[in-house]
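**Q** Sequence first, then the predicted structure:
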Amino acid sequence: MPPASQADAAPNSGAALELLVHGVGGATPQDMLGDPRTTRITGDATAAVYRRTEDVGAEQHPEHLRDGPVAEAYCWSNLTSGNGSRALWLLLLPFMVVNLAHWMRPTAQGRTRAVRLYGVLVRLVALTLTVLLTAAACEVALDLVAWQCAGTPECSGQRSWLGFLSTHQDGWFAQPGRRLAVAALVPTALVGLLWYLSNRTWSAYESQRPLTMDEPAGTEADTDPDEDADVVAESGAPLVRPALGRPGFWYGRRLVARLRAAHTAAGFLTVAASVGSTAARHDRAADSPVLAMAGVLFEAGLVLCGLVVVAVVCHRGRSERRLDNRIDRAVTTFLPGAALGLLLCAVTYAGWSRPGWVSSGTLPGEAVFRALALGQGLLVVVLAVVALALYRRAPEPRTTLHGLGGPVVAMLACALGGVMTGGVAQRVADWLDGPGTPGMGAGADIPGPPVLLSWQASVIPVLLLLLLLPVIWLTLRTLRHARRLGPAVEAEYEVRHPEPDRTRKIARTRATAALTDSAPGILGLLSAATLLLGTGAVTGSWITGEVPGLAMDGTGPFVESLAEAAQSTGSWLTGFGVILFVTWGRRAYRDVSARRTIGILWDVGTFWPRAAHPFAPPCYAERAVPDLSSRMCAWTGRTRGRLVISGHSQGSVLAAAAVWQLPDSARRRVALLTYGSPIERLYGRWFPAYFGRVPLEGLHRSMHCWRNLWRGTDPIGGPVRIDERQGHEIDHGPLKDPLVYGRTVEHPLPEPILGHSDYQADPVFAVERAALLERLGPRVPQQSGAGAQGGGPRSGSAQDGTAQGSAGRSSG
């Protein structure tokens with residue numbers, strides 16, 4: 001990295017820079033710049049800007065500049081896939097998914113109360129997921145291990161590691177309350193680990209204050225932070241200032257700290273309730289006045305602290321109009337501390353000697369899981385009602401599922417949480433029970449997990465069978481579409497001698513790429529089926545009180561066989577899902593390619609700030625977007641040059657978000673070049689309040705220089721689809737892919753179908769980049785040595801070589 005003491009570049013209106021931003025999966029600076037010799041200009045090992053070594057200080061020697069811009073590469077892949085431990089974020093997948101639901105609300109201008117209600121409902125769903133995870137840990141450690149297995153000689157006798165808790169050894173820990181107190185260490189450690197991970201990433205991501213930049217006059221009149229956009233005046237024309245352009249949008253320090261305190265307290269309270277309430281029920285039944293009164297006081301403290309947690313979660317959401325540095329110390333310090341104090345009281349209370357207490361049956365986990373399932377279903381239904389009301393007020397035809405994208409994703413988050421927690425409980429129970437089948441009575445050493453978990457597992461095979469129909473229909477439709485595309489492909493390339501295999505391959509690639517647009521329908525069906533089948537599972541467990549295999553006894557051999565098959569298959573499928581997550585996590589420790597594959601999932605899922613769940617994987621854009629906007633502001637302000645920010649795939653989303661953050665003085669010198677971009681195809685449809693038609697049209701009017709390249713073979717990127725009558729055309733496409741149909745003089749070997757990659761290989765790319773630079777302003781010739789006053793930010797001495805005029809590759 002060049003020494004920071006070197007002077008920055010002097011004003012040089014002839015300077016031109018292309019800032020490359022890679023997409024999902026990451027890329028090295030050497031690959032992006034097409035040169036093994038690169039130098040870090042600014043940044044650290046996590047995310048940084050690089051140049052070719054010979055281009056360092058290129059602004060100092062404008063006489064060496066060629067017609068093309070100097071290339072810089074912003075590498076941010078380590079924000080999501082830098083080390084093996086981050087692969088364990090797979091276990092936090094339900095938290096990440098519910099956080100996405102927060103940002104999927106429909107566009108709603110002037111509906112402040114409805115928008116706030118939408119945010120409150122999503123945060124409550126997120127809170128239930130934290131309670132569900134903690135309750136599952138309590139079910140495994142307290143109920144299955146400490147209460148059932150350690151209290152049953154047939155089970156504990158086969159496991160020496162349970163000897164000190166076993167009733168047949170009659171040790172100090174043999175009493176049920178003391179066994180629960182010891183087992184409470186497991187879920188308490190889990191909650192503490194989640195708090196630690198959230199706090200560590202909060203310090204690394206949300207607490208990084210962005211560079212404060214001067215705002216143009218008139219932009220301080222921001223409205224409520226929950227509204228979609230503000231309208232200010234610029235030269236008499238309306239300018240939409242969307243939420244992503246607000247100063248505090250990428251600085252969620254205060255909200256994450258508050259939510260982290262609430263969710264940590266909720267986890268501790270769940271453990272405390274599992275331990276203390278069991279002892280309190282025994283004391284009330286045993287007619288022990290002193291201990292019974294202590295139990296009443298303890299449960300009253302639980303209720304009071306729980307109400308405070310819910311109030312904190314329902315409190316006003318994000319502050320986006322400004323950089324909010326405040327921390328709610330009373331909440332972040334005393335709320336988790338109070339919950340931990342209640343947990344210590346519960347452990348002490350349960351550990352009090354009760355010689356006549358004998359554990360039998362199961363802990364009352366059935367009621368807890370049933371209440372959570374009902375609460376989640378009710379919250380999702382109310383969320384759907386609110387989302388539909390918002391959509392009908394300002395409908396946008398391209399919005400996914402008529403505004404129901406958020407409720408659909410929230411339902412899937414609850415389903416994922418249920419599968420993961422239920423799978424762990426089912427597998428642990430099966431392991432503890434040896435040859436028996438938990439819940440089936442005869443031959444079982446322990447009663448097993450709550451009946452509801454078996455019912456929920458039993459509906460999974462039914463759900464998969466229901467999904468077969470739309471999958472088969474999509475497959476047949478894609479094949480028919482590919483056959484219809486064949487003549488169009490040959491006509492497009494003006495083929496004289498068609499090759500059926502070549503035509504078929506191109507047509508199938510295009511037809512397969514179009515499947516992306518069918519994903520919302522599949523997810524909607526999956527979510528609706530999950531809600532209905534989940535309701536049936538809750539009803540069945542409530543009415544029968546038995547697992548499906550026993551509840552169907554007497555209904556006939558066929559129905560009995562189906563019920564038993566569904567129960568066993570679903571149990572193994574849930575367990576297999578959990579094992580698959582753990583296996584992927586372990587593999588990522590050892591395999592770099594697997595680590596990067598997992599990182600791609602987070603590139604898409606963790607773009608948004610943690611506004612609903614503080615234990616979700618951190619938002620990398622809270623580092624990347626300020627990095628990009630700060631770099632663009634610094635370079636354009638010091639060189640007065642022209643800059644093209646060139647983003648591929650997910651990098652195009654980061655680029656657009658960074659441009660929104662620029663003040664007008666910098667935005668006038670910046671052009672946006674996107675390719676393979678999901679800005680409208682994915683983000684515009686799923687997140688209409690932030691990337692919908694109105695915000696994108698506002699971005700187009702505010703910067704004037706924007707070009708988007710797309711291909712019909714690209715399953716991710718697509719056109720922007722905004723009204724271009726008020727400015728220059730944005731979309732250029734679909735580009736030909738492959739470039740030529742067969743062999744030609746210029747292309748003697750068959751050209752590959754590139755799909756989502758290698759947009760820079762198309763000659764159109766260089767033409768469009770040059771056109772953007774020309775629209776920013778003509779290049780001003782410089783005298784030899786006229787600009788030899790400094791380099792770019794943190795640039796070193798000038799290099800003797802000639803600067804490369806062509807830019808590199810943003811990603812593969």
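**A** Yep, it's here.

**Q** Identify the residues contacting the nearest residue to Thr512 once chain neighbours are set aside.
**A** When the adjacent residues along the chain are set aside, Thr512 lies closest to Thr478, with 6.3 Å between them (C-beta to C-beta, 6 or more residues apart in numbering). C-betas here are computed from N, CA, C, even on glycine. Going by C-beta atoms under 8 Å, 6 or more residues apart in numbering, Thr478 touches Arg508, Ala511, Thr512, Ala514, Leu515.

**Q** May I have the predicted confidence score for the third one?
**A** Reading off the per-residue confidence, Thr512 sits at a pLDDT of 94.

**Q** got the buried residues for the helix or strand that contains it?
**A** Thr512 is part of helix 500-513 when elements are defined by DSSP states H and E. In terms of neighbour count (16 or more other C-beta atoms under 10 Å), helix 500-513 has its buried residues at Arg502, Thr503, Ile506, Ala507, Arg508, Thr509, Arg510, Ala511, Thr512, Ala513.

**Q** Equivalent analysis for stretch 71-79, please.
**A** Neighbour counts using 16+ other C-beta under 10 Å place Ala71, Glu72, Ala73, Tyr74, Cys75, Trp76, Ser77, Asn78, Leu79 of stretch 71-79 among the buried residues.

**Q** one step back: okay if I get the contacts of Thr478 as TSV plus distance to Arg284?
**A** Written out in TSV, the entries for these read as follows (distance: C-beta to C-beta, whole Å):
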residue	distance to Arg284
Arg508	68
Ala511	66
Thr512	63
Ala514	63
Leu515	59
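
**Q** picking up where we left off before, looking at the buried residues of helix 500-513, which is nearest Trp455?
**A** Thr512 (37.3 Å; C-beta to C-beta).

**Q** what's near enough to touch the closest one?
**A** Applying C-beta under 8 Å, 6+ apart to Thr512 gives the contacts Thr478, Ala482, Pro715.

**Q** quick one: the second one is in a helix?
**A** Yes: with DSSP: H, G, I helix; E, B strand; the rest coil as the criterion, Ala482 is assigned to a helix.

**Q** Would you mind measuring from the nearest residue to it once chain neighbours are set aside to Leu185?
**A** Closest residue to Ala482 in three dimensions, ignoring its sequence neighbours and counting by C-beta to C-beta, 6+ apart: Ala511, at 4.0 Å. As for Ala511, its distance to Leu185 is 55 Å (criterion: C-beta to C-beta, to the nearest Å).

**Q** swap in Gln661?
**A** With the distance defined as C-beta to C-beta, Gln661 ends up 46 Å from Leu185.

**Q** Okay, strands next: where are they in the stretch 301-450 of the chain?
**A** Counting by DSSP state E, counting those that start in this stretch, the stretch 301-450 of the chain forms no strands at all.

**Q** low pLDDT regions in it?
**A** When residues are selected by pLDDT under 70, those of the stretch 301-450 of the chain lie in 317-319, 322-325, 434-443.

**Q** Find the centremost residue of the chain, please.
**A** Centrality entry for the chain: nearest residue to the mean C-alpha point is Gly605, 2.5 Å, by C-alpha atoms, centre = their mean.
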